[in-house]
Every structure is written in C-alpha cells, then in structure tokens.
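Participant: what follows is a predicted protein model with its sequence.
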Amino acid sequence: MTTVRGVLFDFHETLVSADRWMAMEIGGIALELLETLGVWDGGQSPQDRRGVEETYAHLRTISLETALEYSAQEIARVLLRALGITREIPEAALTAAVEDLFRRYIPDVTMKDQVPDTLQMLARRGYRMGVVSNAAYGPFLSWALEAVGLRRYFEQIIVSADVGIRKPRREIFAAALEAMRLTAREAVYVGNDYIKDVMGAKLAGLGAIWVPGRSALDYRVFTPVHPDAVADRFEVLPEILTRWSNG
C-alpha cells in the first residue's frame with residue numbers, strides 16, 4: 001500500500017455525536033426552515049402540513065436514490081413553491097434564516113471518545129487531515145468542530161451541500177482529494193457507515209478504515225468491497241497506520 005499522507009474522516013458518529021442535528025436533517029428541517037423564515041406559525045391546515053412533509057419526503061427520496069444533495073437553501077425554495085408562496089424572499093434573508101436554524105444545534109454536539117488525543121497524535125506524526133460528510137449546510141460542520149475544539153486539525157471540510165453530491169458517490173471523495181492535493185492512493189477514509197464510508201471510499205480508490213459503532217450494519221458477507229482495516233476503538237487508528245507504513 002502506498003504510504004498514507006492524508007486521513008479523511010466522516011463527521012457524525014465518527015468524530016462527534018450530533019443526534020438532534022441529524023434528526024432535524026432527516027425529518028424536522030422542512031417545518032423548522034419555514035418557521036425560521038417566518039412563513040409557518042403552526043396555524044396552517046393539516047393539509048398544508050401534509051403537503052410540506054410529503055414534499056420533503058420526495059426530496060429525501062430523490063437525494064437518497066441518486067446521491068444528489070439538496071442544500072438547506074434549495075430545500076427552503078422547494079418548500080415555498082409547494083406552499084404556493086410566490087413572493088420573492090431575498091437571498092440574504094434566506095441565508096440568515098438557515099444560519100440561525102443550524103446554529104441552534106451546535107450546543108448539542110459532543111466529541112466521541114478518544115477523538116482529541118488520537119487526532120493530536122496523528123497530527124504530530126505528520127498526517128494531513130480533512131472531513132468529508134453528507135450535510136445540508138456546510139458551515140454547521142466547521143462551527144460544530146470549532147465548538148468542541150477539533151476544527152484546528154482539519155485542512156479541509158468537504159460537505160455534500162457544497163459539492164452537490166453525497167457519499168457514497170466518488171465525486172465527493174474526488175473533491176476532497178483535489179482540495180487537499182492528494183491522490184486516492186495517498187489517502188485513507190475513516191467512517192462508521194459501511195455503505196457510505198467504507199464502500200464509498202473504496203470505490204473511489206481510497207483506503208478505508210471502518211470504525212463501527214454499536215448500531216453499525218455489517219455488509220461484508222454481501223459484497224467483495226471490504227475495509228482495509230476495522231478499528232474497534234478510535235484510538236487504534238495510529239497503530240493501524242503505523243503498521244501499514246512499516247509493512
């Protein structure tokens with residue numbers, strides 16, 4: 001294996017836990033965006049509510065089936081059209097509303113065990129590090145990592161909302177490699193999700209280290225695409241990388 005120069009990480013349930021944020025992105029974002037924009041006050045009809053929820057469900061289906069990403073701003077525009085709101089909302093107002101919504105979730109972000117010590121060790125050993133994540137709003141990841149003291153370790157944070165493509169598509173990994181001036185053979189990806197993280201990275205030509213949590217699904221029996229290593233604890237990453245370097 002070519003000497004690893006760059007280590008790229010997943011965000012949620014790899015570096016940090018951000019369950020409330022994740023639940024919002026999966027389902028609550030539709031109504032919360034409209035409330036933050038001031039066009040939804042809870043007094044709308046059940047039919048309007050169903051329309052909003054169904055619209056967002058369609059967006060999620062498209063996104064998951066195609067791995068194309070809708071940014072939070074794009075989601076808001078689609079929801080406004082679905083409600084028949086045709087008045088123009090200034091871009092600045094939309095941007096401010098999205099920022100306000102996502103900032104509310106920063107206090108709930110917590111670091112995963114052993115992450116800071118492990119990142120510090122990797123940094124001391126000269127590894128260049130970045131983050132690649134699926135998310136509807138890129139700045140949230142920088143704010144969250146800054147809030148828990150981890151932002152300084154990462155040269156680049158590549159988010160699907162900015163690229164327009166979600167993991168496991170190879171394009172988002174390619175965007176990260178280009179931003180960090182690395183080849184796929186020089187980089188390894190670390191994540192907890194087998195399909196998005198392990199298979200996505202491997203199919204994009206990167207090495208992959210799987211850090212499965214308690215609820216992770218193991219697909220190794222179903223596919224020939226396997227991780228290069230499995231880390232039962234985050235802190236064993238330096239040992240794995242050292243073993244590869246010495247091998």
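Facilitator: Thanks, I have the structure now.
Participant: residues touching R87, list them.
Facilitator: R87 makes no contacts at all, as judged by Cβ atoms under 8 Å, 6 or more residues apart in numbering. To be clear about C-beta, it is placed using only N, CA and C from the backbone, and glycine gets the same treatment.
Participant: look up how far R243 lies from it.
Facilitator: For R87, the distance to R243 equals 60 Å [Cβ to Cβ, to the nearest Å].
Participant: V236 now?
Facilitator: 10 Å.
Participant: swap in R104?
Facilitator: From R104 to R243 the distance is 42 Å (Cβ to Cβ).
Participant: Q47 now?
Facilitator: For Q47, the distance to R243 - Cβ to Cβ - is 60 Å.
Participant: tell me which of those two has more neighbours.
Facilitator: Using other Cβ atoms under 10 Å as the criterion, Q47 and R243 rank with R243 on top: 11 against 8.
Participant: hang on, that one in a strand?
Facilitator: No. Under the criterion used here (DSSP: H, G, I helix; E, B strand; the rest coil), R243 is helix, not part of a strand.
Participant: show me the helices in this structure, by range?
Facilitator: Taking DSSP state H, the helices of the chain run over residues 19-23, 29-37, 46-66, 72-82, 91-103, 115-124, 139-147, 160-163, 170-180, 200-203, 237-246.
Participant: return the most buried member of those helices.
Facilitator: helix 200-203 (a mean of 23; mean count of other Cβ atoms under 10 Å).
Participant: give me the beta-bridge partners of the spatially most central residue of the chain?
Facilitator: In the chain, the centroid-proximal residue (Cα atoms, centre = their mean) is S133; its distance is 2.5 Å. Beta-bridge pairing for S133 (DSSP bridges): V159.
Participant: from M180, how far out is it?
Facilitator: In terms of Cβ to Cβ, S133 sits 15 Å off from M180.
Participant: swap in A208?
Facilitator: 17 Å.
Participant: what about L150, neighbour count?
Facilitator: 20.
Participant: measure it to V109 for me?
Facilitator: 10 Å.
Participant: where does the chain dip in pLDDT?
Facilitator: Counting by pLDDT under 70, the chain shows low-confidence ranges at 1-2, 86, 247.
Participant: quickly list the domain ranges of it.
Facilitator: Listed domain ranges for the chain are 6-18+108-246, 20-104 (source: automatic domain parsing).
Participant: how far does the shortest one sit from the chain's center?
Facilitator: Spelled out, that is domain 20-104. How far domain 20-104 lies from its chain's middle: 19 Å, per Cα atoms, centre = their mean, to the nearest Å.
Participant: what of stretch 129-147?
Facilitator: Distance of stretch 129-147 from its chain centroid, counting by Cα atoms, centre = their mean, is 7 Å.
Participant: now do the same end-to-end measure for it.
Facilitator: End-to-end span of stretch 129-147 (Cα to Cα, to the nearest Å): 18 Å.
Participant: kindly report the same for stretch 105-112.
Facilitator: Start-to-end, stretch 105-112 (Cα to Cα) is 17 Å.
Participant: residues of it that come out buried?
Facilitator: If you call a residue buried by 16 or more other Cβ atoms under 10 Å, then stretch 105-112 has these buried ones: Y105, V109, M111, K112.
Participant: check contacts around the second one.
Facilitator: Same thing as V109. Residues in contact with V109, defined by Cβ under 8 Å, 6+ apart, are V16, S17, A18, W21, A144, A147, V148.
Participant: run the last query once more with 6 Å
Facilitator: When contacts are counted by Cβ atoms under 6 Å, 6 or more residues apart in numbering, V109 touches V16, A18, A144, V148.
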